[in-house]
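Trainee: Mind looking at a prediction? Sequence and model below.
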Amino acid sequence: MSKRALLSVYDKTGLVDFARALNGLGFELVSSGGTAVTLSEAGVPVVTVESVTGAPEMLDGRVKTLHPRIHGGILADLHKPQHVADLEAQGIAPFDLVVVNLYPFLARPDVETIDIGGPTMVRAAAKNHAHVGIVTSPAQYDDVLAELGANANALSDATRRRLALDAFALTAEFDAAVVRWLQADEELPQHLVLALERTDETLRYGENPHQQAARYRLRGTTSWLDHITQHSGLALSYLNFYDTDAAWRLAFDLGDTPAVAIIKHANPCGAAVAGDLATAYQRALECDERSAFGGIVACNRPIDAATVARMVEGPQADVVIAPGYEPGAVEALIAKRKNTRLLEAPHPDAWPVDIRQISGGFLVQSAHHFAAAPESWQVVTKRTPTDAEWRDAAFAWRICGHVKSNAIVLAKDGVAWGIGAGQQNRVESGEIAAKKAAGRAAGGACASDAFFPFPDGLEVAAAAGASVVVQPGGAMRDDAVTERADELGLAMVFTGERHFLH
């Protein structure tokens, strides 16, 4: 019995050559719609689905392969005598190969790009992978042809199983995209269906060397992480990815001027903006040079020779990431920092929701963002901030939103001089920030990611030299805290917006 292949594809990349090769191997080709037209016009012998089913295509092509004479040939388990008898009774020939790819719903979501016949054939062939090879991408054509040619027109059990796995992953991705589209207007959708695929990267390990790790992404999509160029260094680890993402987002959240963010264990230990990148790096480093060792350095500008000179004089970084490197910069860094991973990447992007795993489930929230602009902030003290204090407050507040709670940031003149992160009480976070600032933030701003429940946290900020305090407000003792700010001669503004980060 001759081999038989069913072809019905939207993406016709490589189709004619693939079909011609199958025909040369002795396959009878059955095809539908535009696929049949393409093959016929190319001179490849093809049998139309209509001639197999005896039924015309209808409903603008919505119904063409949905027919027992097609699906009987796909789904028959040839190890079962009754299935073979059913085929013979109905005059149905089985298919050995099904070649289908789907409508471009991901690129053009619309009712008319919701594929029905395609996923039905894909799932049917994948279900019956003991007998049928299911090919769902032009990228699979060469390998399939090579194996057919080397193995008497047959695919191995392992290959059919692998193709079936890819096929079910494809239909899962397609259905998940439709589910997202149908809930596009819902900030927190009723159904969150994620079809993820593991990337080809080899992560060194997880949070610790005894843990395995991998990076996954939504099937059919890419992000800035997929367009990273690594110029040097060892493979990235789980924490390298996690911390680099945090550093990259902060660097680009600091505005359009040259900016540098240094991250250690997901927390900023330095951040600064300046007129040039080298100065921004130096100031970010000076915030907490000891903690910067082994950290992530993110720059929102291409790294130039002046910045390289500052970097090689500073502590060793695990990762340096920038949108580019000027000629000679990579080589100069490698010469002095051969173990540092040098990454080049496009601007960061973000999902509309944050997802976090907990025992037995997930927590989902709308993505972190700054909703309350400085223009909406409320001055609650007798003294109004000066223009310079407003700038310091806005800068400190922006960084504070990227620091693990409880968070206190002391900043002045575009530099975060003191960052207190992750403490169980706000006063100790303030004391840590003050110790690190060591007086360098005097006359600048103190930002707190949540309200001061008592005046004591405010007093720590004043002792550190802050002249303006920015905080959400909303505490039961706001009046007492404001009164104390007036006594200390501070200006204080309420944002009305908390920025906890866990």
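Mentor: Great, that's in hand. Numbering: from 1, shown residues only.
Trainee: Could you list the low-confidence segments of the chain?
Mentor: For the chain, applying pLDDT under 70 flags the ranges 1.
Trainee: Which residue is most remote from the mean position of it?
Mentor: Ala89 (52.5 Å; Cα atoms, centre = their mean).
Trainee: What segments of the stretch 301-450 of the chain are strands?
Mentor: In the stretch 301-450 of the chain, the strands defined using DSSP state E, counting those that start in this stretch lie at 319-322, 341-344, 353-358, 361-366, 378-379, 408-412, 415-420, 445-448.
Trainee: Output those strands in a markdown table; the columns should cover distance to Leu155.
Mentor: The C-beta positions use only the backbone N, C-alpha and C, and glycine is treated the same way. A markdown table is the format used below for these (distance: least, Cβ to Cβ, whole Å):
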| stretch | distance to Leu155 |
| --- | --- |
| strand 319-322 | 43 |
| strand 341-344 | 40 |
| strand 353-358 | 37 |
| strand 361-366 | 38 |
| strand 378-379 | 69 |
| strand 408-412 | 60 |
| strand 415-420 | 58 |
| strand 445-448 | 62 |
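Trainee: okay, the ones you listed in TSV with distance to Ala434 and mean neighbour count next?
Mentor: Output for the strands of the stretch 301-450 of the chain, formatted as TSV (distance: least, Cβ to Cβ, whole Å; neighbours: other Cβ atoms under 10 Å):
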stretch	distance to Ala434	mean neighbour count
strand 319-322	29	26
strand 341-344	33	21
strand 353-358	31	10
strand 361-366	32	10
strand 378-379	24	12
strand 408-412	7	31
strand 415-420	6	30
strand 445-448	9	31
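Trainee: Pop out the phi and psi values for the residue nearest to Met58 when sequence neighbours are not counted.
Mentor: Distance criterion Cβ to Cβ, 6 or more residues apart in numbering; nearest residue to Met58, sequence neighbours excluded, is Lys64 at 7.6 Å. The phi/psi pair for Lys64 (degrees, to the nearest 10) reads phi -150, psi -40.
Trainee: Report how many residues lie close to Lys64.
Mentor: Neighbour count for Lys64, taken as other Cβ atoms under 10 Å: 21.
Trainee: May I see the buried residues of stretch 121-141?
Mentor: Within stretch 121-141, the residues scored as buried using 16 or more other Cβ atoms under 10 Å are 121-129, 131-138, 140-141.
Trainee: quick one: which of the residues you listed sit in helices?
Mentor: Using DSSP state H, Met121, Val122, Arg123, Ala124, Ala125, Ala126, Lys127, Tyr141 are the members of the buried residues of stretch 121-141 that sit in helices.
Trainee: before we move on, the earlier item: the residue farthest from the centre of the chain in helix, strand or coil?
Mentor: Look at Ala89: counting by DSSP: H, G, I helix; E, B strand; the rest coil, its state is helix.
Trainee: Turn the ones in helices among the buried residues of stretch 121-141 into TSV, including distance to Ala158.
Mentor: As requested, these are exported to TSV (distance: Cβ to Cβ, whole Å):
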residue	distance to Ala158
Met121	22
Val122	19
Arg123	20
Ala124	21
Ala125	16
Ala126	15
Lys127	17
Tyr141	18
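Trainee: Just flag the most distant two among these.
Mentor: The distance between the two most remote of these (Cβ to Cβ) is 22.3 Å, for Lys127 and Tyr141.
Trainee: Can you pull the phi/psi pair for the nearest residue to Pro119 once chain neighbours are set aside?
Mentor: Counting by Cβ to Cβ, 6+ apart, Pro119 lies nearest to Thr171, which is 4.7 Å off, once chain neighbours are set aside. Backbone torsions for Thr171, taken as degrees, to the nearest 10, come to phi -70, psi -30.
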